[in-house]
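Student: Sequence plus predicted model, see below.
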Amino acid sequence: FRRQRQMCIRDRYSYERILRKGKQQLERLHGGHSGTVTNTNGTVQSQLLSSVSAMAHSMEQLRRLHTIAHDELQRILGKQNGQDLRSILFVTLITLMMGALLVSRILLQIGRMLKRREKAESELRGSENRFRSLAGSAPVGIFRADTNGAWIYTNMDCAEMTGLPRDACLGQGWKQWLHRKSLDRVESSWARLLEDNHAFLEEFCFLHKNGERAWVMGQARPEKDESGNVIGFIGTLTDITARRQAEEGIRQRKTEMEAIFSSLPDLYFRMDNDGTIIDYQAQNDSDLYVEPKHFIGKRMQDVVPADVGHQFVEHMKMTGGPGDATAFEYELTVNQVTTPYEARLVRLGDTDETIALVRDITEQRNVNERLQQAAIVYDNTVEGIFVTDSEGTIVNVNSAFTSITGYRIDEALGKSPEILNSGRHD
């Protein structure tokens with residue numbers, strides 16, 4: 001009986017030693033690798049914690065089993081009979097079987113956790129390799145930043161856009177070549193990203209050492225783990241230099257056109273193929289027939305009187321191809337004052353749009369009328385009149401001249417006034 005008792009005690013100590021080692025190994029696994037597992041897969045961390053809890057519960061059950069067996073053994077040893085000996089052997093056998101079962105369960109859980117850890121680390125390495133491969137082949141700049149906003153990774157495209165080597169971009173180095181006009185705005189927006197996790201979206205300019213400017217569109221968002229905690233920031237830089245240069249060219253041409261139109265007395269209208277007015281230019285809006293809000297987006301033939309609108313429609317049909325131009329005159333009455341206009345229509349390139357240049361021809365008509373009046377006086381005066389050019393050659397004569405001199409018009413044109421010299425006068 002004493003030998004049986006000593007064997008039970010020794011077995012109990014052996015099991016407890018195995019369990020202590022298993023628990024220490026689990027604690028080392030949990031304490032040493034929980035960060036890796038958490039960062040790679042939140043599910044693995046949850047399973048690990050569950051397994052540790054289950055094994056701790058199993059160890060506690062084993063301790064209680066040994067305590068019950070030991071107490072029962074002491075009680076039976078006090079009786080010392082044959083029946084009790086069989087009970088001792090039975091309890092010992094059950095204890096050994098339960099201990100072996102629990103130990104095997106612990107080892108199985110450890111093996112599973114090691115496999116999960118290995119799988120998680122493998123997935124992490126694969127994910128990092130895929131990210132680096134994608135970042136290296138992507139046509140945009142890619143960067144990552146820590147929770148303090150310091151860059152910890154950039155791809156080659158990102159470095160080329162900033163004009164710095166990749167290592168020099170890390171930390172806060174990427175800001176050193178920001179154009180001074182972009183610096184304050186970018187820093188303010190970047191600070192909002194760090195403080196409030198507000199999405200970063202800005203267009204800004206890098207000034208390279210050689211003086212060239214690189215325009216980029218920067219975007220960044222928080223990077224979160226499975227629990228929703230911010231673990232950093234990831235963003236992209238897209239080269240928009242060509243787009244900004246094109247926009248600048250368009251703005252410059254628009255400014256030039258506005259300067260040209262402001263120096264001309266003409267009204268400018270751009271219309272689509274059905275006469276809808278898309279845009280206009282005028283030195284003074286008071287020269288317009290109606291206010292812009294009443295004609296932008298409406299058809300010209302619906303804005304002006306019907307007869308004038310019909311003329312616009314008919315002449316637009318004549319501008320069938322690029323460069324085809326036509327002109328016509330019309331009159332509009334505004335505030336009981338009738339004003340004559342001339343409209344010149346031309347097709348805009350290969351588009352379906354038509355440009356109309358409208359000019360007030362009141363002064364031109366007045367000049368023409370004065371010229372006509374002068375011509376009437378010139379032709380009907382009783383005095384002979386001839387007109388010469390700067391070299392003294394006769395270019396025109398009136399009817400009275402032919403009557404007085406006897407020279408027909410065709411005989412006088414191109415001659416010198418000396419044809420009138422009779423030779424009898426000085």
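Tutor: Everything's here; your move. In this text, all values refer to a predicted model and were calculated from it rather than measured experimentally.
Student: Could you confirm L164 falls within a helix?
Tutor: No - the assignment for L164 by DSSP: H, G, I helix; E, B strand; the rest coil gives coil, which leaves it out of any helix.
Student: That one: how many residues sit nearby?
Tutor: Residues near L164, counting by other CB atoms under 10 Å, number 20. To be clear about C-beta, it is placed using only N, CA and C from the backbone, and glycine gets the same treatment.
Student: Just the mean pLDDT for the helix or strand harbouring T338, thanks.
Tutor: T338 is part of strand 337-347 when elements are defined by DSSP states H and E. Mean pLDDT, computed over strand 337-347, is 90.
Student: got a list of contacts for it?
Tutor: For strand 337-347, contacts defined as CB atoms under 8 Å, 6 or more residues apart in numbering pick out 311-312, 315-316, 318-333, 353-362, 364-365.
Student: Tell me which entries of these lie within helices.
Tutor: Using DSSP state H, the members of the contacts of strand 337-347 that fall in helices are Q311, F312, H315, M316, M318, T362, Q364, R365.
Student: Would you list the buried entries among those residues?
Tutor: Buried by 16 or more other CB atoms under 10 Å: Q311, F312, H315, M316, out of the ones in helices among the contacts of strand 337-347.
Student: Pull the contacting residues for the spatially closest residue to the third one that is not a sequence neighbour.
Tutor: Sequence neighbours aside, T326 is the residue nearest to H315 in space, at 4.7 Å (criterion: CB to CB, 6 or more residues apart in numbering). Residues in contact with T326 (CB under 8 Å, 6+ apart) are H315, M318, T319, R344, L345, V346.
Student: same thing but at 7 Å, please
Tutor: H315, M318, T319, L345 (CB atoms under 7 Å, 6 or more residues apart in numbering).
Student: now do L164
Tutor: G173, W174, W177.
Student: G384 too?
Tutor: N398, A400, F401, I404, T405.
Student: could you redo the last one with a cut-off of 6 Å?
Tutor: A400, F401, I404 (CB atoms under 6 Å, 6 or more residues apart in numbering).
Student: measure the second one to T393 for me?
Tutor: Put plainly, it is F401. 15 Å (CB to CB, to the nearest Å).
Student: count of neighbours near the closest residue to N398 other than its chain neighbours?
Tutor: Closest residue to N398 apart from its sequence neighbours, by CB to CB, 6+ apart: I385 at 4.6 Å. I385: 14 surrounding residues under other CB under 10 Å.
Student: Hmm, I385 is touching S399, no?
Tutor: No - assessed by CB atoms under 6 Å, I385 is found out of contact with S399, at 9.4 Å.
Student: What is the neighbour count of the spatially closest residue to D225 that is not a sequence neighbour?
Tutor: Leaving aside its sequence neighbours, D225 sits nearest to I231 (CB to CB, 6+ apart; 5.3 Å). Number of residues near I231 (other CB under 10 Å) recorded here: 13.
Student: tell me the SS of I231?
Tutor: I231 ends up strand, using three-state DSSP.
Student: Look at it and report its pLDDT.
Tutor: Reported pLDDT for I231: 89.
Student: pretty sure it is touching N197, no?
Tutor: No - between I231 and N197 there is no contact under CB under 6 Å: 11.9 Å.
Student: which stretches of the stretch 151-300 of the chain have low pLDDT?
Tutor: The stretch 151-300 of the chain contains residues with pLDDT under 70 at 261-262.
Student: Where does I142 sit: helix, strand or coil?
Tutor: Going by three-state DSSP: I142 is strand.
Student: May I see the buried residues of the helix or strand where E223 lies?
Tutor: Using DSSP H and E, E223 sits within strand 213-224. Residues of strand 213-224 classed as buried by neighbour count (16+ other CB under 10 Å): A214, W215, V216, M217, G218, A220, P222.
Student: got those residues as JSON lines, with distance to E258 columns?
Tutor: Formatted as JSON lines, the buried residues of strand 213-224 follow (distance: CB to CB, whole Å):
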{"residue": "A214", "distance to E258": "30"}
{"residue": "W215", "distance to E258": "25"}
{"residue": "V216", "distance to E258": "30"}
{"residue": "M217", "distance to E258": "28"}
{"residue": "G218", "distance to E258": "32"}
{"residue": "A220", "distance to E258": "38"}
{"residue": "P222", "distance to E258": "44"}
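Student: Out of those, which is nearest to V377?
Tutor: W215 (68.3 Å; CB to CB).
Student: W190 and V140, how far apart?
Tutor: 18 Å.
Student: neighbour count winner among these two?
Tutor: Using other CB under 10 Å, the more surrounded residue of W190 and V140 is W190, with 21 against 17.
Student: how about the more buried one, phi and psi?
Tutor: Per-residue torsions, W190: phi -70, psi -40 (degrees, to the nearest 10).
Student: in a helix, that's where S390 is, yeah?
Tutor: No - counting by three-state DSSP, S390 is not part of a helix but coil.
Student: all helices of this structure, in order?
Tutor: Going by DSSP H, the chain shows helices at 2-40, 42-79, 82-137, 156-162, 166-169, 180-196, 241-263, 300-303, 306-318, 362-380, 399-405, 409-412.
Student: Tell me the helices and strands packed up against the last one.
Tutor: This points to helix 409-412. strand 394-397 (3 or more CB pairs under 6 Å, 6 or more residues apart in numbering; DSSP states H and E).
Student: which outside residues touch the strand it packs on?
Tutor: By CB under 6 Å, 6+ apart, strand 394-397 touches F386, V387, T388, D389, I409, A412, L413, K415.
Student: quick one: strands adjacent to it?
Tutor: strand 386-388 (antiparallel) (DSSP bridges).
Student: The partner strand: which residues count as buried?
Tutor: For strand 386-388, by 16+ other CB under 10 Å, it's F386.
Student: That strand - what's its average pLDDT?
Tutor: When pLDDT is averaged over strand 386-388, the result is 87.
Student: So L201 is in contact with G218, correct?
Tutor: No - using CB under 6 Å, L201 is not in contact with G218, being 7.4 Å away.
Student: what sits against S188?
Tutor: Counting by CB under 6 Å, 6+ apart, S188 makes contact with nothing.
Student: Thank you kindly, that will do.
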